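>>> Structure for this input, please:
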Amino acid sequence: MTTWSDVIAFLRTKGYHTKLWIPRPFQDPLSAGMYRSIGTPVGQSTDYRLRLDDGKGLHVREFPQYYQAHLDDVDPSQSLVGHMFADMPGVSIPLAMIFLRRV
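Numbers count the residues shown, from 1 in each chain. From the prediction side, this is the model:
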């Protein structure tokens, strides 16, 4: 794999949330059209995302020696709430329960 397009094509064959570790140096995420984002902190220095044509998303975490990439079912720029429920169930369910208790 030499480009983020290669990474996306590979991950599409593996399914959502399958993690791929990519040794650095590698193509700069910003030069590939990604935008800086936030994500669940796991020690990364930066998060990047790329919204795909079908509304899915590539999420890339930057670490000193590698990038970690996976596909999200819903890119947050497509629907933040949809992303939370599809791709962050460990966060969205407790938040929904807190909200429902207040209603």
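>>> secondary structure class for residue 53?
Assigned with DSSP: H, G, I helix; E, B strand; the rest coil, residue 53 falls in the coil class.
>>> Show me the strands in the protein, by range?
20-23, 35-37, 46-51, 57-62, 66-72 (DSSP state E).
>>> Which strand residues bridge the residue nearest the centre of the chain?
Centroid-nearest residue in the chain, with CA atoms, centre = their mean: residue 59, separated by 2.2 Å. For residue 59, the beta-bridge assignment (DSSP bridges) gives partners residue 49, residue 70.
>>> and it, what does it touch?
37, 39, 47-49, 69-72 (CB atoms under 8 Å, 6 or more residues apart in numbering). Bear in mind the C-beta positions are built from the backbone N, C-alpha and C, glycine included.
>>> Looking at those, which one is closest to residue 22?
residue 69 (6.2 Å; CB to CB).
>>> which residues does that closest one contact?
Residue 69 neighbours (CB under 8 Å, 6+ apart): 7, 11, 19-20, 22, 58-61.
>>> Sketch out the low-pLDDT regions of the protein for me.
The chain contains residues with pLDDT under 70 at 79-103.
>>> Show me where it has its helices.
Taking DSSP state H to define them, one finds helices in the chain at 4-12, 80-87, 89-102.
>>> Which members of the contacts of residue 69 are the farthest-apart pair?
Farthest-apart pair in the contacts of residue 69 is 11 and 61; separation 13.7 Å (CB to CB).
>>> JSON lines for the contacts of residue 69, including distance to residue 33?
Output for the contacts of residue 69, formatted as JSON lines (distance: CB to CB, whole Å):
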{"residue": "7", "distance to residue 33": "13"}
{"residue": "11", "distance to residue 33": "16"}
{"residue": "19", "distance to residue 33": "21"}
{"residue": "20", "distance to residue 33": "18"}
{"residue": "22", "distance to residue 33": "17"}
{"residue": "58", "distance to residue 33": "10"}
{"residue": "59", "distance to residue 33": "14"}
{"residue": "60", "distance to residue 33": "12"}
{"residue": "61", "distance to residue 33": "17"}
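>>> among those, which ones are buried?
Buried subset of these (neighbour count, 16 or more other CB atoms under 10 Å): 7, 11, 20, 22, 58-61.
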